[in-house]
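Undergrad: Predicted model and sequence below, questions to follow.
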Amino acid sequence: MSVTEPLLLIAFNRPDLFERLIERLRETKPEKIYVAVDGPRPDHPEDATKVARTRELISTIDWTEDVQVLAQGSNLGCGQGVSTALSWFFGQEERGIVLEDDILPQPTFFGFCTELLDRYVDDERVLAISGCNFVPVEFQSHPELPYRFSRVPHIWGWATWRRSWELHSLDMSDWRHRMSLRQLWEVSGRSLQGMLFWRSIFDLLARSQIDTWDMQYTFEGMVRGMSTATSNVNLVDNIGFGAEATHTEIRPSYLRTSENIEIPLAAVPVEVDELADGWSRAHVFQATAGGMVGQGFRYLKRKLQLTLN
């Protein structure tokens, strides 16, 4: 069965991964596809060939004629590049599904997204839909249900509406004026380590010291009390771990094998699963004392590498 939901593919300089994604999509044949490809980095001469090859692969999407392309002439980077692609996409579509070049979805991922996009289209408590699950069943409050709600929109295979994406801004300079300490405490699951983690992340974003876009989107949901409908089973595989990845060089031990989900989906109350969010806070974001020390060392190491280069 073909996929009718508009789909945005975000790619850059990994043609081998993009080719695998296209072949996976051939199984479900999405009817309306947008492709955004960032430009080569001027200080990485190998990028020109890789980006050109990635763009050539777009022509292999031959099961539909409804393909639109946004090809950047220069490199915008992870933050500006992805947010520009998403704004381009949602500037033309009221809602849609988003896949980056290293995410391989299971066939029922699309039905999962479409059903929940329909269900919560007018519910402003819901920020997004995520098909990515890291949390073991024993740390889910209701593993018998098809999905749960989380304060964090995991963006390895996700979907949302224009009304949600329009909340996004890369500028975090005023975040401390917009979110009180009490609210930060609440959205951190009343965890001191979680509170310190998010404060440090938001401060780094305010100083433009992290080149990303998703943490700003997370903030906009948190400050408005919104949450993301998140699958209780993992519906996607991330194949992008390695030296060429921007943020995922090492494959985490908590990754779960993808599987399909039964459609239609039972309805779930819009309430954050604090147990699952607590597990993610400790294991995915490493918002623990030891984890934060490790993150600090990794941050300093990256800053030193950038200085030396």
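TA: That came through fine. Numbers count the residues shown, from 1 in each chain.

Undergrad: Count the residues that sit near residue 119.
TA: By other C-beta atoms under 10 Å, 16 other residues sit near residue 119. C-beta here means a position set from N, CA and C on the backbone, and glycine is covered the same way.

Undergrad: and if you look at residue 51?
TA: 24.

Undergrad: Tell me if I'm right that it and residue 44 touch.
TA: No - using C-beta atoms under 8 Å, residue 51 makes no contact with residue 44, being 9.8 Å away.

Undergrad: Spell out which residues are contacts of both of those two.
TA: Common neighbours of residue 51 and residue 44, counting by C-beta atoms under 8 Å, 6 or more residues apart in numbering, are residue 13.

Undergrad: which residues touch residue 96?
TA: 5-8, 34, 89-90, 159-160.

Undergrad: give me phi/psi at it?
TA: Backbone torsions of residue 96, given as degrees, to the nearest 10, read phi 180, psi 180.

Undergrad: With residue 70 instead?
TA: phi -120, psi 100.

Undergrad: can you pull out the helices in the chain?
TA: Under the criterion DSSP state H, the chain carries helices at the ranges 15-25, 47-56, 77-90, 108-119, 162-165, 175-178, 181-187, 192-206, 214-223, 274-283, 289-308.

Undergrad: just for the stretch 1-150 of the chain, where's the confidence low?
TA: Within the stretch 1-150 of the chain, the ranges that satisfy pLDDT under 70 run 1.

Undergrad: give me that answer again for 90
TA: 1-2 (pLDDT under 90).

Undergrad: one step back: so which of the helices of the chain gets nearest residue 101?
TA: helix 15-25 (4.4 Å; C-beta to C-beta).

Undergrad: Quick check: buried residues in the closest one?
TA: Going by neighbour count (16 or more other C-beta atoms under 10 Å), the buried part of helix 15-25 is 15, 17-18, 20-22, 24-25.

Undergrad: returning to what we had before: and the contacts of residue 96, which two are the farthest apart?
TA: 34 and 160 (14.2 Å).

Undergrad: Who has more neighbours out of the two?
TA: For residue 34 versus residue 160, the count of surrounding residues by other C-beta under 10 Å is larger for residue 160: 27 against 23.
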